[in-house]
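Below are the sequence and a predicted model for it; my questions follow.
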Amino acid sequence: MSQTLTIKIKLLPTREQASMVKNQAIKDAKSVFKKAKKSKFTIVPVLKKPVCIWNNQNYSFDFTHISMPLMMNGKVAKTPIRALLIDKDNRNLGLLKHKSGTLRITQKSEKWIAQISVTVPTSEKTGTKIMGVDLGLKVPAVAVTDDDQTCFFGNERQNKYIRRKFQSKRKKLGQRKKLNAIVKLDDKEQRYMKDQDHKISRAIVQFAVEHQISVIRLEQLANIRQTARTSRKNEKSIHMWSFYRLSQFIEYKAKLAGVKVEYVNPAHTSRTCPKCSEKNKAQDRKYICSCGFETHRDRVGAMNIRYAPVIDGNSQSA
């Protein structure tokens with residue numbers, strides 16, 4: 001099994017483009033026209049950002065330069081271009097040793113970014129240690145292992161504070177009719193939320209690795225926006241909650257670590273007592289059962305997710 005990732009590298013702009021880049025642009029244009037014709041578009045889509053693509057046979061790279069064929073003085077030569085590896089927390093350095101794929105260069109915020117896909121071989125861990133993860137609104141994620149080790153992830157109070165700040169800025173910009181500024185602000189907010197999902201998913205997988213977990217189980221939260229009962233206070237939060245993206249981040253990071261991900265039926269996972277199976281309604285964040293069991297509501301969900309029925313039926317024995 002293998003996993004494909006993308007490494008981002010910032011480039012210095014070059015003076016001239018190689019002929020193969022022009023040919024690639026022609027191929028991309030033909031592809032756009034072909035798709036437009038097949039789907040009977042009345043208006044042909046326009047690529048707003050310039051994009052150049054090389055296959056893995058036409059470039060090479062190291063820690064300081066990317067070498068690619070460029071047209072220089074009427075001749076095509078493989079030319080080294082200075083590059084800065086964007087490597088937060090030193091996560092990308094180890095990926096450079098794996099098999100590289102397509103090189104994609106695009107412009108972002110007045111900078112040229114090179115994205116290199118790499119194929120990382122993965123293998124699933126053997127064993128039956130299972131961890132349940134409950135995703136929620138007030139607490140972004142709670143994980144519980146087989147031996148009842150618990151960890152809470154994320155800070156929803158901070159997220160709400162940031163969202164309120166963005167909402168206040170949007171209101172002021174709207175009063176001033178600054179539509180372009182509102183669009184840029186929305187993009188900035190989405191980047192912040194995506195970064196939070198990356199940090200939470202990374203922490204969850206790291207917690208699983210530290211406790212030698214072989215299977216992570218998540219709720220299958222399809223159509224939650226239509227089916228979930230929520231108060232008017234949380235109505236906006238549930239529509240902004242990127243639960244699908246967070247679960248996808250957890251899944252692909254877990255695969256890289258050799259941990260399997262399974263999805264379970266979320267029905268009554270936050271209401272059923274893990275000790276006696278009686279169904280109770282939690283009082284705010286506190287869950288109390290008549291059998292004497294008491295704990296955090298989201299922790300109950302994670303405990304039940306560990307042993308809930310798997311959606312596809314291909315579950316590991318608990």
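Here it is on my side, so go on.

Quick one: distance of the strand or helix carrying Glu189 to the chain centre.
Using DSSP states H and E, Glu189 sits in helix 179-210. Chain-centre distance of helix 179-210: 8 Å, with C-alpha atoms, centre = their mean, to the nearest Å.

Let me see the mean pLDDT of the helix or strand following it.
Note on helix 179-210: by DSSP H and E, the next helix or strand toward the C-terminus is strand 215-219. The predicted model assigns strand 215-219 a mean pLDDT of 92.

Kindly report the same for stretch 131-146.
88.

Dump that stretch to PDB, keeping only the CA atoms.
Extracted C-alpha coordinates of stretch 131-146, given in PDB (Å, rounded to 0.1, in the frame of the first residue of the first chain):
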ATOM      1  CA  MET A 131      -9.200   3.600  19.800                       C
ATOM      2  CA  GLY A 132     -12.500   5.400  19.500                       C
ATOM      3  CA  VAL A 133     -12.600   9.100  18.500                       C
ATOM      4  CA  ASP A 134     -15.700  11.300  19.000                       C
ATOM      5  CA  LEU A 135     -15.900  14.500  16.900                       C
ATOM      6  CA  GLY A 136     -18.000  17.300  18.300                       C
ATOM      7  CA  LEU A 137     -18.900  21.000  18.400                       C
ATOM      8  CA  LYS A 138     -17.800  22.100  21.800                       C
ATOM      9  CA  VAL A 139     -14.900  19.700  22.000                       C
ATOM     10  CA  PRO A 140     -13.500  19.100  18.500                       C
ATOM     11  CA  ALA A 141     -12.300  15.600  19.200                       C
ATOM     12  CA  VAL A 142     -12.000  13.100  22.100                       C
ATOM     13  CA  ALA A 143     -10.100   9.900  21.900                       C
ATOM     14  CA  VAL A 144     -10.300   6.800  24.200                       C
ATOM     15  CA  THR A 145      -8.100   3.800  24.000                       C
ATOM     16  CA  ASP A 146      -8.700   0.100  24.900                       C
END
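
What residues of that stretch count as buried?
By neighbour count with 16 or more other C-beta atoms under 10 Å, stretch 131-146 contains the buried residues 131-137, 139-146. (C-beta placed from N, C-alpha, C; glycine too.)

Nearest to Ile182 among those?
Taking C-beta to C-beta as the measure, Ile182 sits nearest to Leu137 out of these, at 25.4 Å.

if I look at the closest one, how far off is Ser214?
29 Å (C-beta to C-beta, to the nearest Å).

One more: Thr106?
Taking C-beta to C-beta, one finds Thr106 at 38 Å from Ser214.

What of Glu110?
46 Å.

what does Asp197 give?
Relative to Ser214, and taking C-beta to C-beta, Asp197 is found at 24 Å.

Which one of those two is surrounded by more residues?
Shown here are Asp197 and Ser214; by other C-beta atoms under 10 Å, Asp197 has more neighbours (21 against 18).

which residues touch the residue lying closest to the more buried one once chain neighbours are set aside?
Residue nearest to Asp197 in three dimensions, not counting chain neighbours: Leu246, with 4.6 Å by C-beta to C-beta, 6 or more residues apart in numbering. By C-beta atoms under 8 Å, 6 or more residues apart in numbering, the residues touching Leu246 are Leu135, Pro140, Ala141, Asp197, Ile200, Ser201.

do that again at 7 Å, thanks
By C-beta atoms under 7 Å, 6 or more residues apart in numbering, the residues touching Leu246 are Leu135, Asp197, Ile200, Ser201.

just Asn23 next, same as before
Applying C-beta under 7 Å, 6+ apart, no residues contact Asn23.

mind checking the SS state of it?
Here Asn23 is helix, with the state taken from DSSP: H, G, I helix; E, B strand; the rest coil.

count of residues packed around Arg202?
16.

In space, what's closest to it - neighbours in sequence excluded?
Lys253 (6.1 Å).

where's that neighbour, which helix or strand?
helix 243-256.

CA atoms of that helix as CSV?
C-alpha atoms of helix 243-256 as CSV (Å, rounded to 0.1, in the frame of the first residue of the first chain):
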residue,chain,number,x,y,z
PHE,A,243,-16.2,17.3,10.2
TYR,A,244,-15.6,15.5,6.9
ARG,A,245,-12.3,17.2,6.3
LEU,A,246,-11.1,16.5,9.8
SER,A,247,-12.0,12.8,9.4
GLN,A,248,-10.2,12.7,6.0
PHE,A,249,-7.1,14.2,7.5
ILE,A,250,-7.2,11.7,10.3
GLU,A,251,-7.6,8.8,7.8
TYR,A,252,-4.7,9.7,5.5
LYS,A,253,-2.3,10.6,8.4
ALA,A,254,-3.2,7.3,10.1
LYS,A,255,-2.4,5.4,6.9
LEU,A,256,1.0,6.9,6.8
